[in-house]
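1. Okay, sequence plus prediction incoming.
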Amino acid sequence: MGLDQLIKECQENRIKAQGQLYQLFAPKLFAVCLKYSRNRADAEDNLQDGFLLIFNKIGQYQFKGSFEGWAKRVMVN
């Protein structure tokens, strides 16, 4: 399954797709969380909170530009 299809399924709240998206992007987004966190435990908490935000806002993603960049902006803000 391609990334665009995976995102569309996440927009439809499909749990399996959300798990796949998490597996795909968690390592990269965890690096972002480490950059902005005091320690590893805080970074792990921020990663989980950030993915909740991503899944809540994923309907706003319009397939313009990089999804990874969009996800990083959601995670940081």
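-> Done, it's in.
2. which stretches of the protein form helices?
-> For the chain, the helices defined by DSSP state H cover 3-11, 15-36, 40-57, 67-76.
3. Can you give the contact residues for the longest one?
-> What it means is helix 15-36. For helix 15-36, contacts defined as CB atoms under 8 Å, 6 or more residues apart in numbering pick out 1, 3, 6-7, 9-10, 40, 42-44, 46-47, 50-51, 55, 68, 71-72, 75-76. C-beta coordinates here come from the backbone N, C-alpha and C atoms, glycine included.
4. What pLDDT does the model give M1?
-> Per-residue pLDDT puts M1 at 81.
5. whoops, K35 was the one
-> 95.
6. PyMOL command for the buried members of the contacts of helix 15-36?
-> Here is the PyMOL command that selects the buried residues among the contacts of helix 15-36 (16 or more other CB atoms under 10 Å):
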select buried, resi 6+7+9+10+43+46+47+50+51+55+71+72+75
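7. okay, now K16: neighbour count?
-> 10 (other CB atoms under 10 Å).
8. Could you tell me how many residues sit around Y22?
-> What Y22 shows, counting by other CB under 10 Å, is a neighbour count of 16.
9. now swap in the one 5 residues further on and tell me
-> When neighbours are counted by other CB under 10 Å, P27 registers 9.
10. Distance check, it against D49.
-> 17 Å (CB to CB, to the nearest Å).
11. if I look at P27, how far off is Q60?
-> For P27, the distance to Q60 - CB to CB - is 24 Å.
12. again but with A41, I slipped
-> Taking CB to CB, one finds A41 at 30 Å from Q60.
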